[in-house]
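1. with the input below, show me the fold.
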Amino acid sequence: MRHAYLEDADWDEFLERFPQAHLLQTAGWAEFKADFGWTSARVRSENACAQILFKALPLGLSIAYLPKGPVGANWNEIVPQIDTLCRARNAVFLQVEPDLFEPLPAVFLESSFAGFRQEEHTIQPRRTILIDLSPDEEQLLAAMKQKTRYNVRLAQKKGVRVSLSADLRGFYRMMQTTAKRDGFALHDFSYYQRVFQIFEPRGKCALLEASLDNQALAYLMVFVHRERAWYFYGASDDESRNLMPTYLLQWEAMRWAKAHGAAVYDLWGIPDEDEETLERDFTSRSDGLWGVYRFKRGFGGRVARSAPALIKVYRPLIYKAYQIYRAQKQAGLDAAS
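-> I've put the predicted structure just below:
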């Protein structure tokens, strides 16, 4: 059993044993989050590993977060070490968001997360759409909804072109437009700049730009790690939506992911409702993630729901105060949207 800090190269080398490991468990993600006040610690056994993020609080306390992990089959081998790390870092609580989808496998049901409880609040979206990229391109297009396939081809017919881009300023300006239009919170420019600077040189990220006559219409930032790819960020202007650039962008992102070895493309976030509710209500709702569900459902794939978050509280009184603060902050965001 090892719980000393593993250097980035050693960590990623060990992570190569697990082709299904999530991007959020890579050394690059820890490097990225370090620029925004998080530190990381890592544990491993022969058959499992985990990268835990810590955010410092006053009085030497911290918040501990384990996104999309642990990795591997035998979590029992490392959970005690995770607990030891959290106690050593004076964590108020640890939140674990496993990288598993329902129905939950035995590794989750039989894991040794004793003393943990399920947590309703999650950082990452619980429900998503997963697209199997193993079929050929004609089959992938055929699996789309007819209207989506039509819109992809319409964008091509109207002369929209998709290319690799490094225009992060243009991307961010369009993100600001999209956030205002769709009512979602936006990170500072440095957030998107840094994630691109870290992952693009490693071949794990691409910024795709849809344009017509050298005029940018929409952007999409796609990520890949081993056998999986994710659509994290997208933006479009208000004037060119009739050209359907976002449909062509999504198709080209799927093609890019497939070319880079991904077998699954994750559309990353839809409303956390059962499929019957999703299909019944998507035409009448546009709040929250409902607007993007209407768009994402057209690309085919299957709806999947991740495992619930697990939380262990080490300092109950401080955690209660944190919950009140978080609720007040969320209420402020809701009121402003």
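2. CA atoms for contacts and neighbours, from now on please.
-> Fine.
3. flag every buried residue along stretch 179-199.
-> Residues of stretch 179-199 classed as buried: Ala179, Asp182, Tyr192, Gln193, Arg194, Val195, Phe196, Ile198, Phe199 (neighbour count, 16 or more other Cα atoms under 10 Å).
4. stretch 160-168 now?
-> Val160, Arg161, Val162, Ser165, Leu168.
5. start and end of that stretch, how far apart?
-> End-to-end distance for stretch 160-168, by Cα to Cα, to the nearest Å: 20 Å.
6. check Arg241 and give its pLDDT.
-> Per-residue confidence at Arg241 stands at 89 (pLDDT).
7. any idea how far the lengthiest strand in the chain is from the middle of the chain?
-> Taking DSSP state E as the criterion, the chain has its longest strand at strand 215-225. Centre-to-centre, strand 215-225 and its host chain are 15 Å apart (Cα atoms, centre = their mean, to the nearest Å).
8. quick one: contacts of that strand?
-> 21-23, 171, 174, 199, 204-211, 229-237, 240, 245-246, 249-250, 253, 257, 260, 262 (Cα atoms under 8 Å, 6 or more residues apart in numbering).
9. next SSE downstream of it?
-> Next helix or strand after strand 215-225 toward the C-terminus (DSSP states H and E): strand 228-236.
10. angle of the following helix or strand past that following strand against strand 228-236?
-> Sequence-wise, the next helix or strand downstream of strand 228-236 (DSSP H and E) is helix 245-259. Orientation check (axes from the mean of the first three to the mean of the last three Cα atoms, to 10 degrees): helix 245-259 against strand 228-236 gives 160 degrees.
11. count of neighbours near the residue nearest to Thr122 when sequence neighbours are not counted?
-> The shortest distance from Thr122 to any non-neighbouring residue, by Cα to Cα, 6 or more residues apart in numbering, is to Ala309 (6.3 Å). For Ala309, the neighbour count with other Cα atoms under 10 Å is 23.
12. all further residue positions should be reported with the first residue as 20.
-> Yes, from this point I'll number from 20; that puts the last item at Ala328.
13. how confident was the prediction at Ala328?
-> So Ala328 comes in at 94 (pLDDT).
14. could you dump the buried residues of stretch 198-218 to CSV with pLDDT and secondary structure?
-> As requested, these are exported to CSV (pLDDT from 0 to 100; DSSP: H, G, I helix; E, B strand; the rest coil):
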residue, pLDDT, secondary structure
Ala198, 91, helix
Asp201, 83, helix
Tyr211, 98, helix
Gln212, 98, helix
Arg213, 98, helix
Val214, 98, helix
Phe215, 98, helix
Ile217, 98, helix
Phe218, 98, helix
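15. in terms of distance to Ala323, which of these ranks first?
-> Asp201 (23.9 Å; Cα to Cα).
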